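Chemist: Attaching a predicted model along with its sequence, questions to come.
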Amino acid sequence: MKHAAGLLLSAIKLDRESKKSVSVQLYLGLRAIILSGGLRPGERLPATRTLAQEIGVSRTTVIDAIDRLVSEGMLVSKVGSGTFVSGTLESQQLRVQEAPSKPVEYEKPRLSYTINHAEKAFAPRAWLPHRARAFVTALPALDAFPLAHWARISSRQMRSDRGEVMGYGQPKGYQPLRRAIAMHLSALKGVNCDPEQIFITSGAQHAFSLIAKLLLNPGDRVWMENPGASGARNAFLSEGAELMPISIDDEGLVVKEGLRKAPHFRLAFVTPSHQQPLGHVMSLSRRFELLKAAEEAQAFIVEDDYDGEFYFGNAPQPALLSIDASKRVFYVGTFSKSLFPSLRLGFVVVPDHVVDAFDRTFMSWVSGPPTATQAIVADFMDEGHFATHIRMMRRMYKARYEALMEVSKKLEGAVDVRETSGGFHTTAYLAPGIDDAEVIAQAAEKEITLTSLARYCLEPLADKGLVLGFGCASPDDIRNGIEKMRDLPALRPKLV
């Protein structure tokens, strides 16, 4: 056994400075040797005292590691005889093979017909931001979030009833959170809904996927804003929908174009309070026109209010849902912008005659975010921290927007930055002859993040442009970013 013990001991490396305990490292080392065939099935391990002395750890540490392997069935302990490698591993052990001279080509997995065709048209989402800098879009000012209040509430929730915060929870979502959301929507967006109409989801994307799964059949036509949100687009494509790009003008989605392209549509997707990404607010007349078209076609509307809390005017824009008399609107909201993205927390308000269908779905197979997270957000809202945070962020985003508009004058002739009424991004159009891809690549070299307007399009637009985020960048970062853009070779010839 000395030969096996020697091999065994020489293969195990322990890092005393590692975050993993010595016991865990020893367990993983022994496990790897067993699985790789270093110890054969039926072979006896050295005594725990011998292992402890040779490795330089306590016998208790060795016993703990071996006990874990015994519980997994990899080792068998026999009283009076010792500990042996389990014989059941004989046909399962991994064998060390020579590396192939050339890469092995594996057959591609067979995907469903729907997803195989849908993924070819998916909008890219790998560019979702992770680092705050100019001019990242979709990322709020994380440095301004009140973590002290959040930590206090989190600690209190973790000391509360374990069955409430650690169990499976209510399928459609934590009731106090649904009630808090209903009150918030009533006060801010003019929406009067029952908490039973609200379903908590793992972000807005989850809500879009559920709506698509419940309402769409392959081939159903969906009106999509062009340009428009890419996440919803991918959700509808995943169900085999046929997406119809509908133009945007100053009043919002051009309903007449939608009726001309697809009068028998099943679903319309809109961002009426702050169009994504152009920033237009849908006019009241256009809202009624859209609602009438949906009623006549027996279709539904998905209203995405992704950043509706952050308006710059004297009053927020009411939700489309607030004037929906025919009960055709699904209202989707998210806390990714109002709180922070990693919460993965959103919600959908469904028409009351569809509540039963959603209830059955959530009872049958849908799992939402952790109850503890929902409970923290509910308390955060009930104690007034959410409203205070929104007011503070609204002032901050307005100041950053004004800084952007002021300094962007230095780009005149090359870049036309457009005004917006809320949120934390705006659009900018490039002068004729400027290549947006070239501008984006040159900006990236200077650690500036620019996003092409084309990424939001199902059909290309006549003019090339950019989407500029200002939410996660300080006024100084914004000014420095514009100064760096002035030096981009692609823009310099057009600057006034």
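Modeler: Good, I have the coordinates. Numbers count the residues shown, from 1 in each chain.
Chemist: Now do the helices in the stretch 1-150 of the chain.
Modeler: Ranges of helices in the stretch 1-150 of the chain, per DSSP state H, counting those that start in this stretch, are 2-11, 22-35, 48-55, 59-71, 113-118, 147-158.
Chemist: how about a markdown table for those, with distance to Arg260, mean pLDDT and mean neighbour count added?
Modeler: Where you see a C-beta, it was placed from the backbone N, CA and C, and this is true even at glycine. Putting the helices of the stretch 1-150 of the chain into a markdown table (distance: least, Cβ to Cβ, whole Å; pLDDT from 0 to 100; neighbours: other Cβ atoms under 10 Å) gives the following:
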| stretch | distance to Arg260 | mean pLDDT | mean neighbour count |
| --- | --- | --- | --- |
| helix 2-11 | 71 | 52 | 13 |
| helix 22-35 | 64 | 87 | 18 |
| helix 48-55 | 77 | 84 | 17 |
| helix 59-71 | 67 | 91 | 18 |
| helix 113-118 | 25 | 69 | 14 |
| helix 147-158 | 49 | 94 | 14 |
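Chemist: Can you verify my assumption that Cys386 contacts Ile181?
Modeler: Small correction: residue 386 is Phe, not Cys. No. Phe386 lies out of contact with Ile181 (Cβ atoms under 8 Å); the separation is 10.1 Å.
Chemist: Tell me which stretches of the stretch 251-400 of the chain form helices.
Modeler: Going by DSSP H, counting those that start in this stretch, the stretch 251-400 of the chain shows helices at 255-261, 284-297, 355-364, 371-382, 385-407.
Chemist: thinking again about what came up before, tell me which of the helices of the stretch 1-150 of the chain sits nearest to Asp220.
Modeler: Nearest to Asp220, of all these, is helix 113-118, at 11.9 Å by Cβ to Cβ.
Chemist: follow-up on the earlier one: ok, and which of the helices of the stretch 251-400 of the chain has the densest surroundings?
Modeler: helix 371-382 (a mean of 22; mean count of other Cβ atoms under 10 Å).
Chemist: Which strands and helices lie in contact with that helix?
Modeler: helix 147-158, helix 162-166, helix 175-189, helix 385-407 (3 or more Cβ pairs under 8 Å, 6 or more residues apart in numbering; DSSP states H and E).
Chemist: contact partners of that helix?
Modeler: 149-150, 153-154, 156-158, 160, 164-170, 173-174, 176-177, 179-181, 184, 200, 335, 339, 343, 345, 368, 386-387 (Cβ atoms under 8 Å, 6 or more residues apart in numbering).
Chemist: Buried by neighbour count, from these: which ones?
Modeler: Among the contacts of helix 371-382, the ones that count as buried by 16 or more other Cβ atoms under 10 Å are 149-150, 153-154, 157, 165, 169, 173-174, 176-177, 179-181, 184, 200, 335, 339, 343, 345, 368, 386.
Chemist: neighbours around the spatially closest residue to Asp477 that is not a sequence neighbour, how many?
Modeler: Nearest residue to Asp477, sequence neighbours excluded (Cβ to Cβ, 6 or more residues apart in numbering): Ala134, at 4.9 Å. Under the neighbour criterion other Cβ atoms under 10 Å, Ala134 is assigned a count of 26.
Chemist: how near is Ala134 to Val407?
Modeler: From Ala134 across to Val407, the span is 10 Å (Cβ to Cβ, to the nearest Å).
Chemist: what is in contact with these two at once?
Modeler: 478, 482.
Chemist: Which secondary structure state does Asn480 sit in?
Modeler: helix (DSSP: H, G, I helix; E, B strand; the rest coil).
Chemist: Could you export stretch 328-344 as PDB, keeping only the C-alpha atoms?
Modeler: Extracted C-alpha coordinates of stretch 328-344, given in PDB (Å, rounded to 0.1, in the frame of the first residue of the first chain):
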ATOM      1  CA  ARG A 328     -56.600  44.500 -23.800                       C
ATOM      2  CA  VAL A 329     -53.400  45.700 -22.100                       C
ATOM      3  CA  PHE A 330     -50.700  43.700 -20.200                       C
ATOM      4  CA  TYR A 331     -48.600  46.200 -18.200                       C
ATOM      5  CA  VAL A 332     -45.000  45.100 -17.600                       C
ATOM      6  CA  GLY A 333     -42.800  46.800 -15.000                       C
ATOM      7  CA  THR A 334     -39.300  46.100 -13.700                       C
ATOM      8  CA  PHE A 335     -37.100  47.100 -10.700                       C
ATOM      9  CA  SER A 336     -34.000  46.800 -12.700                       C
ATOM     10  CA  LYS A 337     -33.900  50.500 -13.500                       C
ATOM     11  CA  SER A 338     -35.600  51.900 -10.400                       C
ATOM     12  CA  LEU A 339     -33.500  49.800  -7.900                       C
ATOM     13  CA  PHE A 340     -30.800  47.600  -9.500                       C
ATOM     14  CA  PRO A 341     -30.500  45.000 -12.300                       C
ATOM     15  CA  SER A 342     -29.200  42.000 -10.300                       C
ATOM     16  CA  LEU A 343     -32.500  41.900  -8.300                       C
ATOM     17  CA  ARG A 344     -34.000  40.100 -11.400                       C
END
